[in-house]
Every structure is written in structure tokens, then in C-alpha cells.
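Novice: quick one, what's the 3D model for this:
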Amino acid sequence: MTTTLTETKNGNGMSHAETTRDATTYCPRFDIWETEDELVLYGDMPGVTPENLDIHYENGQLGIHGKVCPRHDDIKFSYGEYGIGDYHRSFTVGEAINAEKISAELKHGVLTLHLPKSEKVKPRKIEIKSG
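Specialist: As a prediction, the model looks like this:
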């Protein structure tokens, strides 16, 4: 059984920056896979701390928003590639997910999300009786 998971925001899976008004928003890359019991999302969120990360799931919509604050306010960089600003990604989940059991871990700049499937969408083996 394959679960439908589509990106809500237009994107091509590549990490890129968009300038919006006064800030820059980054679209982090994610790997997604499915087991019989859950969907797993594995995404790059460099520089984001748990305090600056907001994840929400409602009505089949998964939203991930993180913020990276400047590391050095007193330095004028000659050149900089490290992203400072907001990270945003959203997905539409096409399966029933047990929202109460969603879990997230942020370790070494990588976010791992576990979206457990509800019992009604998990595959199950039908016992056959002989008679």
C-alpha cells in the first residue's frame, strides 16, 4: 500500500531561497519513505534549534516552519553562504494519520518526523478458515 504525500507549496525538491518582502525563506530538502506502520520524513534544517521550529498537522496538512537567527551580529562578512532566515515546507498527506502519535526529532541539523498511520489504513492479513 502506497501512501499519497504531496508537497503543498510549489517546489521541485531542491533547497532554494525565495526573497519575500523583508526576509528570505528557504525550502529544505526532504527524503520521505513509507513502512507498513508509518511515513517517515527526513529533512535538512541546518541552524534551526528546537525552540525555533514549529511543526503542525491538521486536516491532512503537515506544516514545517523553522527560523535561523544570525550567529554573529557584530561581523560584516566578506562572503556568506550560510542561510539566515526562515525555513518552510508543507505537505498534503493522503492517508489517515494518527495525529496523537506524531513524533519529531532534531539532531545535528536534520529533522526526522514519524507520522504513524491510523489502524484503519494499515495493511492487514485476512485469516482464511478451512471448512
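Novice: if I look at residue 76, how far off is residue 84?
Specialist: 14 Å (C-beta to C-beta, to the nearest Å). In short, each C-beta sits where N, CA and C put it, glycine included.
Novice: please read the previous query as pertaining to residue 71.
Specialist: From residue 71 over to residue 84 (counting by C-beta to C-beta), the distance is 8 Å.
Novice: with residue 64 instead?
Specialist: Applying C-beta to C-beta to residue 64 and residue 84 gives a distance of 18 Å.
Novice: between the two, who's got more neighbours?
Specialist: Comparing residue 64 with residue 84 by other C-beta atoms under 10 Å, the one with more neighbours is residue 64, at 23 against 14.
Novice: ok, that one - contacts?
Specialist: 28, 43, 53-55, 87-90, 111, 113 (C-beta atoms under 8 Å, 6 or more residues apart in numbering).
Novice: mind redoing it with 6 Å?
Specialist: Residues near residue 64 by C-beta atoms under 6 Å, 6 or more residues apart in numbering: 55, 89.
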